[in-house]
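S.K.: A structural model of the following input is requested.
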Amino acid sequence: MQLSVIILNYNVRYFLEQCVLSVQKALKDIDGEIIVVDNNSPDDSCAMMKQRFPDITLIESKENSGFPKGNNIGVAAAKGEYVCILNPDTVVAEDTFKKVLQFAEGKPNMGIAGVKLVDGRGNFLPESKRGVPTPWVAFTKIAGLYKFFPKSSGFNKYYAQHITQNETGVVDILVGAFMVMKRELYLQAGGFDEGCFMYSDDIDLSYTIQQMGKVNYYFHETTVIHYKGESTVKDGTYMKRFREAMQFFYKKHFRSSPVFDLFMRAGTLFFAVVKRSRKGEVVVPQEYVLFSGDETLRIALEDSLEKKVTRYAKPDEKLLNSQSFSGYGQVEVIFDNNSVDFFEIIKFMEKFSQSGLTFKIRPEGSRFIIGSNDSNDRGQVITIKA
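M.R.: Have a look, this model is predicted:
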């Protein structure tokens, strides 16, 4: 078997359904398997898996054992030469695994491969590629200084800005939302450290594998949607967890430094001041454009959304630039995955990421649409009335 895809789930039943569907499509011509580990979700994630995906391996944990242990459980059950650690709030394209595995086969000393991640509006997620978070680098991230000096080598190392989002290259750290590596290498590295704090587990594994003499790569030739980017819950709790994560990382791999605590405290203060000056964006669609070959779906969506839905059989860039929708305010695009494949959906979202449009997807065979209009929220699911 060539690839085992490990999906650790907790309480995101609808995102999980879409994710598993996209993975199934991407494994069509690959000798692979999907292993879903559920961390004792209170929702009906497990019931959904048994009903819709009865042939997929489902491991039901009796407790929420956390990200590191949950993934380690999944990899222990895997049979593939390669493993992919994949978040449940992701959508892969039909050719994602084929491209990544071809790339990996050409890199005999590869450690981990990560890919280009975008949020629910098609915007690039900078955490797709990162550098080792030294005290100064962690400070520039937590204080947001990299945004003010994106071209400065002294401020842009956290997000590995020595390469652009559209370049493949060597990086230090990859994000745990999507990681591909050989299963044997994962086990040799000890997997995710189960003593890790949140936000340090993927940093720790990436760095550990790099220290084993392997090379980590950011691979830009395939794009994956990751709805809940790193900025999902940037509040006081997030700052506390990030600081704890960095402390864990330094204690494990470096000598402790008083400089670290100084930088973290200064960064936290700066973050708090900046955050108070920002207001969250509330996006309320006024009209919808549906790309689907199914007229009955348009009628059902209009009934469910209680707003006008205009249908077109296939995605058409020209119509979105036409006068047809210029006077209606916020427009949201809905993709029917029965008519449009994930590759085309992701490509379209990327192209229109700066257009002001928002997006939802109706996964094939599902009675809901799903998406996220703001990288600071947890996404939205709308049930389609029968």
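S.K.: Walking through the protein, point out its helices one by one.
M.R.: Assignment of helices within the chain using DSSP state H yields the ranges 13-26, 45-52, 66-76, 96-105, 135-142, 145-148, 183-188, 201-211, 236-253, 258-276, 295-305, 317-320, 342-351.
S.K.: rank those helices by pLDDT, which is bottom?
M.R.: Across the helices of the chain, the stretch with the lowest average pLDDT is helix 258-276; it has a mean of 55.
S.K.: Which among the helices of the chain is found nearest to residue 368?
M.R.: In terms of Cβ to Cβ, the element of those nearest to residue 368 is helix 13-26, at 6.0 Å. C-betas here are computed from N, CA, C, even on glycine.
S.K.: Mind listing residues that contact the closest one?
M.R.: Around helix 13-26, the neighbours that count as contacts under Cβ atoms under 8 Å, 6 or more residues apart in numbering are 5, 7, 9, 34, 36, 41, 43-45, 48-49, 52-53, 56, 86-98, 227, 337, 341-342, 361, 363-366, 368, 370, 379, 381.
S.K.: Now, those that are in strands?
M.R.: When DSSP state E defines the strands, the subset of the contacts of helix 13-26 inside them is 5, 7, 9, 34, 36, 86, 90, 91, 361, 368, 370, 381.
S.K.: just curious, which of those is nearest to residue 210?
M.R.: Looking across the ones in strands among the contacts of helix 13-26 and measuring by Cβ to Cβ, the closest to residue 210 is residue 86, at 21.0 Å.
S.K.: okay, now that closest one: neighbour count?
M.R.: 28 (other Cβ atoms under 10 Å).
S.K.: returning to that earlier point: okay, the helices of the chain in JSON lines with distance to residue 169 and mean neighbour count next?
M.R.: As requested, the helices of the chain are arranged in JSON lines below (distance: least, Cβ to Cβ, whole Å; neighbours: other Cβ atoms under 10 Å):
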{"stretch": "helix 13-26", "distance to residue 169": "24", "mean neighbour count": "23"}
{"stretch": "helix 45-52", "distance to residue 169": "37", "mean neighbour count": "16"}
{"stretch": "helix 66-76", "distance to residue 169": "26", "mean neighbour count": "21"}
{"stretch": "helix 96-105", "distance to residue 169": "12", "mean neighbour count": "19"}
{"stretch": "helix 135-142", "distance to residue 169": "18", "mean neighbour count": "22"}
{"stretch": "helix 145-148", "distance to residue 169": "18", "mean neighbour count": "16"}
{"stretch": "helix 183-188", "distance to residue 169": "20", "mean neighbour count": "16"}
{"stretch": "helix 201-211", "distance to residue 169": "14", "mean neighbour count": "22"}
{"stretch": "helix 236-253", "distance to residue 169": "23", "mean neighbour count": "17"}
{"stretch": "helix 258-276", "distance to residue 169": "27", "mean neighbour count": "15"}
{"stretch": "helix 295-305", "distance to residue 169": "42", "mean neighbour count": "16"}
{"stretch": "helix 317-320", "distance to residue 169": "30", "mean neighbour count": "12"}
{"stretch": "helix 342-351", "distance to residue 169": "19", "mean neighbour count": "20"}
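S.K.: among the contacts of helix 13-26, which ones are buried?
M.R.: The neighbour-count test (16 or more other Cβ atoms under 10 Å) marks 5, 7, 9, 34, 36, 41, 45, 48-49, 53, 56, 86-98, 227, 337, 341-342, 361, 363-364, 366, 368, 370, 379, 381 as buried among the contacts of helix 13-26.
S.K.: give the contact list for the spatially closest residue to residue 167 that is not a sequence neighbour.
M.R.: Beyond its immediate neighbours in the sequence, the residue positioned closest to residue 167 (Cβ to Cβ, 6 or more residues apart in numbering) is residue 220, lying 6.0 Å away. Contact analysis of residue 220 by Cβ under 8 Å, 6+ apart lists 115, 116, 165, 166, 167, 168.
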